[in-house]
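> this one's sequence-less:
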């Protein structure tokens, strides 16, 4: 179905209500959304209690965070029709908030707009209409301490866990949305026990899946923005001061040359800065949100991770393989190839074969993906991958390493050498000062480098 056709037919998306309540074993959040004249949705979020001590959830401050989280949760449902009017029945946005959420909807759905060939300006994309009452809150005076650390099972969050474990393990709780096996195993390898791991379940309404089957608009949403709000809420409920992410500087690069279309938008320093400002002005819980790995690149993370062999047989960040049980590397997608490439200067060949089970540099079927990752295609693959320069450096360094040992180049490396320039700039000394890492944490990054 076409964007303009859907907007004319379904003009109103309605955020009707939200609620947060406690059961014996979990904290429950439920939302009530509707695309007028089409479908209703009731997505749910469940924070498992285990033996953790949570604050009471009936305060205005908590309800305000839950309301704002609903604005982000709504994106997955809004995108089915991209209704021009977003009507809020259960709260109120001021002008700053409207502009803030409009930017997040627009840029967070950048890949979605590109894939669906949606041509619309930011100011024309969505109009927020507040019909509810403002939730008036004052800044929390609670004294917070310690860390909530979101993990996903890939090399980045494993590096963050490993960096923090010696200095902050006793003050750190691991946070995982989806309760997936691999992130939890990685946390346990680091030394975290069950009673140090917060698990959150996010339940998608089946009506949305039915719309997807019928051909309504579908595509990538800014999941990391969902993580930001849920982790912020959970951190406050558990009295933790810091939400520590594992987003690196490489996330800032666009996927489409000349356009601000970024698969990783909600992992960028731009979103991080925006969220920190928004939380200070409108959430007021005193939780500080930052990414520990922001000063460094995917390449440097790979260098650090290459030495952490305890994770090598367990970690996985393949989005295709993560949708199946058990999790596995599919060995055919851009993410698999990127991780293989970025680790290759440090682990090629035998150690990478032990991780992946196959030499991806020998796969001719991956040539087009390889060219795109190197920056010589039309776009960068829509995955969480590093910059063109990092990929070129990793490929060039691996070629150099093999030639020093007089070893034959595999198919993709041979293709690169014959068609593109060897990258000679040393990227391993990179350090990005544009970050929000507190000084006490920054020294831990520099020690690892």
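Perfect, thanks for sending it. It should be emphasised that the depicted structure is a prediction, and the values quoted were computed from it without experimental measurement. Residues are numbered from 1 along each chain as shown.

> in the stretch 101-250 of the chain, which spans are strands?
127-130, 147-150, 172-177, 197-203, 242-245 (DSSP state E, counting those that start in this stretch).

> quick one, which of these is nearest to residue 190?
Of all the strands of the stretch 101-250 of the chain, the one in closest proximity to residue 190, counting by CB to CB, is strand 172-177 (8.3 Å). No exception for glycine: its C-beta is placed from N, CA and C like everyone else's.

> how distant is that closest one from the center of its chain?
With CA atoms, centre = their mean, to the nearest Å as the basis, the distance from the averaged C-alpha position of strand 172-177 to the chain average is 14 Å.

> Report the buried residues of the longest helix along the chain.
As far as residue count goes, and with DSSP state H defining each element, the longest helix of the chain is helix 388-404. Under the neighbour-count criterion of 16 or more other CB atoms under 10 Å, helix 388-404 has 388-399, 402 buried.

> Let's have the residues you listed in TSV, adding distance to residue 434 and pLDDT.
TSV is the format used below for the buried residues of helix 388-404 (distance: CB to CB, whole Å; pLDDT from 0 to 100):
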residue	distance to residue 434	pLDDT
388	19	94
389	17	95
390	17	95
391	22	96
392	23	97
393	21	96
394	23	97
395	27	97
396	26	97
397	26	97
398	29	97
399	31	97
402	35	96
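
> In CSV: the strands of the stretch 101-250 of the chain, plus mean neighbour count and mean pLDDT.
Below are these laid out as CSV (neighbours: other CB atoms under 10 Å; pLDDT from 0 to 100):
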stretch, mean neighbour count, mean pLDDT
strand 127-130, 16, 98
strand 147-150, 25, 97
strand 172-177, 22, 95
strand 197-203, 19, 95
strand 242-245, 25, 97
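
> For those strands, could you give me CSV that also reports distance to residue 373?
Output for the strands of the stretch 101-250 of the chain, formatted as CSV (distance: least, CB to CB, whole Å):
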stretch, distance to residue 373
strand 127-130, 38
strand 147-150, 26
strand 172-177, 27
strand 197-203, 30
strand 242-245, 24
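
> Looking at those, spot the one closest to residue 331.
Checking the strands of the stretch 101-250 of the chain against residue 331 by CB to CB gives strand 172-177 as the closest, at 24.9 Å.

> contact partners of the closest one?
With contact meaning CB atoms under 8 Å, 6 or more residues apart in numbering, strand 172-177 is reached by 52, 146-152, 161, 164-165, 183-184, 187, 192, 196-202, 226-227, 230-231, 234, 238, 240, 243.

> and with 6 Å instead?
Contact partners of strand 172-177, identified using CB atoms under 6 Å, 6 or more residues apart in numbering, comprise 147-151, 164, 183, 187, 192, 196-200, 202, 231.

> Which strands or helices does the longest helix of the chain pack on?
helix 334-347, helix 367-374, helix 411-419 (3 or more CB pairs under 6 Å, 6 or more residues apart in numbering; DSSP states H and E).

> which parts of stretch 87-104 are buried?
Buried residues in stretch 87-104, counting neighbours by 16+ other CB under 10 Å, are found at 87, 88, 90, 91, 93, 97, 98, 100, 101, 102, 103, 104.

> Next, give phi and psi for the second one.
Yep, that's residue 88 we're talking about. Torsion angles at residue 88 (phi, psi; degrees, to the nearest 10) stand at phi -110, psi 110.

> so it makes contact with residue 15?
Yes: shown here, residue 88 and residue 15 form a contact pair, counting by CB atoms under 6 Å, at 4.9 Å.

> what about the chain, any weak spots by pLDDT?
Across the chain, the ranges flagged by pLDDT under 70 are 179.

> OK, contacts around residue 103?
Taking CB under 6 Å, 6+ apart, one finds nothing in contact with residue 103.

> now residue 417
residue 399.

> how close does it sit to residue 18?
Noted for residue 417: a distance of 56 Å to residue 18, by CB to CB, to the nearest Å.

> since we're on the closest residue to residue 152 other than its chain neighbours, how many residues are nearby?
In space, and not counting its chain neighbours, residue 152 is closest to residue 183: 5.7 Å by CB to CB, 6 or more residues apart in numbering. The burial count assigned to residue 183 is 29, neighbours taken as other CB atoms under 10 Å.

> does residue 183 really touch residue 151, like I thought?
Yes: with contact defined as CB under 6 Å, residue 183 reaches residue 151; the gap is 4.7 Å.

> and residue 422, how many residues sit next to it?
When neighbours are counted by other CB under 10 Å, residue 422 registers 13.

> now swap in residue 216 and tell me
Other residues within reach of residue 216 by the criterion other CB under 10 Å amount to 19.

> could you list every residue that touches it?
The neighbours of residue 216, taking CB under 6 Å, 6+ apart as the test, are 1, 80.

> how near is it to residue 394?
40 Å.

> So the residue nearest to residue 219 when sequence neighbours are not counted versus residue 79, what's the distance?
Residue nearest to residue 219 in three dimensions, not counting chain neighbours: residue 112, with 3.5 Å by CB to CB, 6+ apart. Taking CB to CB as the measure, residue 112 falls 6 Å from residue 79.

> What sits closest to residue 335 if chain neighbours are left out?
The shortest distance from residue 335 to any residue that is not its chain neighbour, by CB to CB, 6+ apart, is 4.6 Å, and that residue is residue 383.

> Could you look up the SS state of that neighbour?
Using DSSP: H, G, I helix; E, B strand; the rest coil, the three-state assignment for residue 383 comes out as coil.

> What backbone torsions are found at it?
When read as degrees, to the nearest 10, the backbone of residue 383 gives phi -150, psi 170.

> Compile the buried residues of helix 388-404 into CSV and extend it with columns for distance to residue 284.
Written out in CSV, the entries for those read as follows (distance: CB to CB, whole Å):
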residue, distance to residue 284
388, 40
389, 40
390, 38
391, 41
392, 45
393, 43
394, 43
395, 47
396, 49
397, 47
398, 49
399, 53
402, 55
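
> what's the closest of those residues to residue 338?
Distance to residue 338, by CB to CB, is smallest for residue 391 among those, at 7.1 Å.
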